[in-house]
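>>> Sharing a model prediction with you, sequence too.
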Amino acid sequence: MPLPKAYVCLPIQEVGLKILRGAVDFKIWEKEGAPPRDELLKNLKDVEGLLSGLPVRVDEELLNAAPKLKVVSNYAVGYDNIDVAAATRRGICVTNTPEVLTQATADLTFALILASARRIVEASAFLRSGDWKVWGPELLVGVDVSGASIGVVGFGQIGQAVARRAKGFDMNVFYFDTARKPEAEASLGAKHLPLEELLRESDFVTLHCLLNDQTRNLIGEKELRSMKKTAILINAARGPLVDQAALFRACSEKWIGGAGLDVFVKEPVPLDEPLLTLPNVTTVPHIGSAGRVSRNGMATRSAENLVAALQGKRPRDLVNGEVWKG
């Protein structure tokens with residue numbers, strides 16, 4: 001009996017490829033980045049499984065080009081690159097990779113907090129440029145993290161992992177989520193606040209919610225103006241959660257103290273993006289999950305989810321459970 005056909009849209013780690021070999025007949029895009037759109041679409045006619053990633057738009061056009069598709073396995077915890085409703089209408093399973101990237105993303109979040117607060121990137125550039133001539137009492141003075149207040153927007157696994165790290169710095173933890181998390185509140189000493197109050201009270205605001213119609217531009221001019229003048233905004237979730245033009249004004253006009261960003265509205269971020277010109281904005285290229293353990297875990301889970309669906313088994317990380325009739 002022939003193996004089901006699959007297309008792997010990115011060069012995942014070997015641990016994932018080992019799971020696919022012998023279980024599916026797959027073709028893989030081995031270059032960095034997403035396959036060119038026309039290249040991708042022409043390879044989908046007989047494909048039953050697609051292992052995708054954030055650079056790949058799984059929309060009506062792609063789904064129409066893949067009439068035999070049964071599963072879209074996303075190599076990410078977020079799935080805003082996939083039209084889940086369109087997939088669901090066709091009975092196509094959509095899966096993601098939760099849990100395995102929680103710790104790495106929380107680590108990166110706290111790295112951005114510390115780097116932004118203590119002006120690490122700015123200080124490194126200052127030293128390397130030869131401008132460091134003498135030590136002084138006000139040389140590159142930053143913001144204290146220990147004992148400060150942190151507001152976590154989105155209190156799922158990653159948000160709670162950030163809160164655990166914050167407790168190690170004796171921080172006061174506030175959180176906003178659409179649902180209260182009593183057990184997490186008790187174990188982490190976290191206090192639930194409405195978003196407006198959290199923004200007013202927090203020295204650091206860090207975003208960990210999914211991107212959807214309700215959260216797009218969640219942080220805009222109104223929200224930024226309500227934050228403390230010294231506050232720092234951290235975004236290691238999705239770029240469109242923040243109105244990027246408003247954030248540039250907030251940081252350049254000193255409505256807030258600054259920002260630490262792992263994600264942007266457009267990625268890769270254009271080099272003429274105004275935020276890149278600001279010394280009080282720390283930036284990295286969407287590396288939240290870029291720890292070896294996490295990336296191997298993402299490869300494993302995305303491969304396992306793909307194979308399970310193609311073998312008629314319910315995938316472990318099924319996003320749209322309503323399609324499953326097994």
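It's in. Since the model is a prediction, treat every value here as computed from it, not as a measurement. Residues are numbered from 1 along each chain as shown.

>>> Going by C-alpha atoms from here, please, whenever you check contacts or count neighbours.
Will do.

>>> What segments of the stretch 151-300 of the chain are strands?
172-176, 191-192, 204-207, 232-235, 258-261, 281-283 (DSSP state E, counting those that start in this stretch).

>>> could I get the ones you listed as CSV with mean neighbour count, distance to residue 323 and mean pLDDT?
Below are those laid out as CSV (neighbours: other Cα atoms under 10 Å; distance: least, Cα to Cα, whole Å; pLDDT from 0 to 100):
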stretch, mean neighbour count, distance to residue 323, mean pLDDT
strand 172-176, 24, 31, 98
strand 191-192, 20, 34, 98
strand 204-207, 26, 30, 98
strand 232-235, 26, 32, 98
strand 258-261, 26, 36, 98
strand 281-283, 23, 39, 98
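
>>> closest one to residue 126 among those?
strand 281-283 (14.4 Å; Cα to Cα).

>>> average pLDDT across stretch 55-67?
Taken as a whole, stretch 55-67 has a mean pLDDT of 97.

>>> Start and end of it, how far apart?
Start-to-end span of stretch 55-67 (Cα to Cα, to the nearest Å) is 22 Å.

>>> tell me which residues in that stretch are buried?
Within stretch 55-67, the residues that count as buried by 16 or more other Cα atoms under 10 Å are 56, 57, 58, 62, 63, 65, 66.

>>> what's near enough to touch the closest residue to the second one other than its chain neighbours?
In space, not counting the residues next to it along the chain, residue 57 is nearest to residue 81; the distance is 5.1 Å by Cα to Cα, 6 or more residues apart in numbering. Residues counted as contacts of residue 81 (Cα atoms under 8 Å, 6 or more residues apart in numbering) are 53, 54, 55, 56, 57, 58.

>>> can you do 10 Å?
52, 53, 54, 55, 56, 57, 58, 59, 74, 211 (Cα atoms under 10 Å, 6 or more residues apart in numbering).

>>> Tell me which stretches of this protein form helices.
Ranges of helices within the chain are 14-20, 37-41, 60-64, 84-89, 102-117, 120-128, 157-168, 182-188, 195-201, 221-226, 244-252, 292-310, based on DSSP state H.

>>> Next, format those as a markdown table and append distance to residue 135.
Formatted as a markdown table, those follow (distance: least, Cα to Cα, whole Å):
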| stretch | distance to residue 135 |
| --- | --- |
| helix 14-20 | 49 |
| helix 37-41 | 54 |
| helix 60-64 | 58 |
| helix 84-89 | 56 |
| helix 102-117 | 19 |
| helix 120-128 | 11 |
| helix 157-168 | 30 |
| helix 182-188 | 39 |
| helix 195-201 | 33 |
| helix 221-226 | 34 |
| helix 244-252 | 27 |
| helix 292-310 | 38 |
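
>>> how about the ones you listed, which one is nearest residue 142?
helix 102-117 (5.5 Å).

>>> what angle do the closest one and helix 120-128 make?
Per axes from the mean of the first three to the mean of the last three Cα atoms, to 10 degrees, the angle that helix 102-117 makes with helix 120-128 is 50 degrees.

>>> between helix 102-117 and helix 292-310, how many degrees?
140 degrees.

>>> Poorly predicted segments of the chain, please.
Counting by pLDDT under 70, the chain shows low-confidence ranges at 326.

>>> Go again with 90.
Residues of the chain meeting the criterion pLDDT under 90: 1, 32-34, 325-326.
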